[in-house]
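Colleague: below is the sequence, then the predicted model.
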Amino acid sequence: MKAALYTRYGPPEVIQIADVEKPVPKHNEVLIKVRAASVNPLDGDLLEGRPYSGRIMTGLRKPKVTRVGVDVAGQVEAVGRNVTP
């Protein structure tokens, strides 16, 4: 599968499209096949590492979570063991 990734903070040009393995949901997670995604101010702030004080949670020198996007719509493909409908 393809994913939009960033391995360092910066402008939108740091985003790369790469082939990655399909993730397996953990016990309390849901795997969604994304059909649509949006871009909002939170995505831009996370990409650029703003505010700097927030880097304590997101990674000081480089991002801990390297995938872009927080708003998605799609179809549930798999659920973790502890997920109930």
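Modeller: Structure's in. What do you need?
Colleague: can you list the residue ranges for helices in this structure?
Modeller: 41-48, 55-58 (DSSP state H).
Colleague: if we look at the last one, which residues are touching it?
Modeller: In this case it means helix 55-58. Leu46, Gly49, Lys64, Val65 (CB atoms under 8 Å, 6 or more residues apart in numbering). (Glycine included, C-beta is placed from N, CA and C.)
Colleague: quickly list what Leu31 is bridged to.
Modeller: With DSSP bridges as the criterion, the beta-bridge partners of Leu31 are Ala78.
Colleague: what sits against it?
Modeller: Contacts of Leu31 (CB under 8 Å, 6+ apart): Pro23, Val24, Pro25, Val76, Glu77, Ala78, Val79.
Colleague: nearest spatial neighbour of the last one, chain-adjacent residues omitted?
Modeller: Meaning Val79. Using CB to CB, 6 or more residues apart in numbering and skipping the chain neighbours, the partner closest in space to Val79 is Val30 (5.3 Å).
Colleague: count the residues that sit near the one you found.
Modeller: 12 (other CB atoms under 10 Å).
Colleague: now swap in the one 3 residues further on and tell me
Modeller: Under the neighbour criterion other CB under 10 Å, Lys33 is assigned a count of 12.
Colleague: hang on, it packs against Ala73?
Modeller: No. The pair Lys33 / Ala73 is not scored as a contact, 10.3 Å apart, by CB atoms under 8 Å.
Colleague: enumerate every residue touching Gln16.
Modeller: Ala4, Leu5, Tyr6, Thr7 are the contacts of Gln16 under CB under 8 Å, 6+ apart.
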